[in-house]
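Q: Following is a predicted model, sequence given first.
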Amino acid sequence: KQEVTQIPAALSVPEGENLVLNCSFTDSAIYNLQWFRQDPGKGLTSLLLIQSSQREQTSGRLNASLDKSSGRSTLYIAASQPGDSATYLCAVYDGNNRLAFGKGNQVVVIP
Amino acid sequence: DTAVSQTPKYLVTQMGNDKSIKCEQNLGHDTMYWYKQDSKKFLKIMFSYNNKELIINETVPNRFSPKSPDKAHLNLHINSLELGDSAVYFCASSPLTGGTEAFFGQGTRLTVV
């Protein structure tokens, strides 16, 4: 059974610092890995999708890397802003019609 | 236009009642899901459907019954609601082919009193 762990569970950073969020998974046989953002009381917004054959994906200030063999992904957010405050969720797709989620990284960016 | 939409957004009901949550996606996706987010914010899959056929039923009590009238809709009916059913329920969809992006609805916050 796939287990996804996100570290740290919560972090606070001053505005302008780079954010580094870590995700690890136990079964490397994945199809893809997806990073989501969730604001309080809201739904999930897809940020980046990395296919199992890819090493990284970039969108604006966001960069996600994937090391499938070691079961790790990292989400980098450059030059953080207060608007980046949210919970970031990592999910892996196992090819069997399910996404396995981590418990999230709760981020607060301090102005 | 909203890609994955759920109704209602909030649902407060008494124990023992039966309620339904509706979900519709306009993305043309073949696969739809129901996920439950508990009080600790952990998301766990409940059901998965491919083209109206049930693929995954993840040890969910029989009181929960999904229904897919067509591949754009996946509704969740819950009988005899219990306090422990209070959670946020998310509908999602993705294309049938594995390895593609999943899209989520805004969630339905169910509170059983």
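A: Yes, it's here. Numbers count the residues shown, from 1 in each chain, chains lettered A, B, ... in the order given.
Q: Chain A contacts on chain B?
A: Applying Cβ under 8 Å from any Cβ of the partner chain, we find that chain B lies next to chain A at B:31, B:33, B:35, B:40-45, B:48, B:50, B:55-56, B:58, B:90, B:92, B:98-107, B:109. In this view, the C-beta of every residue, glycine as well, is placed from N, C-alpha and C.
Q: Just the buried residues of those residues.
A: Buried subset of these (neighbour count, 16 or more other Cβ atoms under 10 Å in any protein chain shown): B:31, B:33, B:35, B:43-45, B:48, B:50, B:56, B:90, B:92, B:98, B:100, B:102-107, B:109.
Q: What about the residues you listed, which are in strands?
A: Members of those lying in strands (criterion: DSSP state E): B:31, B:33, B:35, B:43-45, B:48, B:50, B:56, B:90, B:92, B:103-104, B:109.
Q: among those, which two are most distant?
A: The largest separation in those, counting by Cβ to Cβ, is between B:Asn50 and B:Arg109 at 27.4 Å.
Q: measure the residue sitting nearest the centre point of chain B to A:Lys42 for me?
A: By Cα atoms, centre = their mean, chain B has its centre lying nearest to B:Trp34, at 3.1 Å. Per Cβ to Cβ, to the nearest Å, B:Trp34 is found 18 Å from A:Lys42.
Q: again, but for A:Ser69
A: 34 Å.
Q: if you count what's nearby, which of the two comes out ahead?
A: A:Lys42 (14 against 7; other Cβ atoms under 10 Å in any protein chain shown).
Q: elements contacting the least confident helix or strand in chain B by mean pLDDT?
A: Using mean pLDDT, DSSP states H and E, strand B:53-57 stands out as the lowest-scoring helix or strand of chain B, at a mean of 82. Secondary-structure packing of strand B:53-57 (3 or more Cβ pairs under 8 Å, 6 or more residues apart in numbering or on different chains; DSSP states H and E): strand B:43-50, strand B:64-70.
Q: Get me the contact residues on chain A for chain B.
A: So chain A meets chain B at A:31-32, A:34, A:36, A:38, A:41-46, A:49, A:51-52, A:87, A:89, A:91, A:93, A:95-101, A:103-104 (Cβ under 8 Å from any Cβ).
Q: If any of these are buried, put those into a PyMOL selection.
A: This is how PyMOL selects the buried members of the residues of chain A next to chain B, with burial counted by 16+ other Cβ under 10 Å:
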select buried, chain A and resi 31+32+34+36+38+43+44+49+51+52+87+89+91+93+97+98+99+100+101+103+104
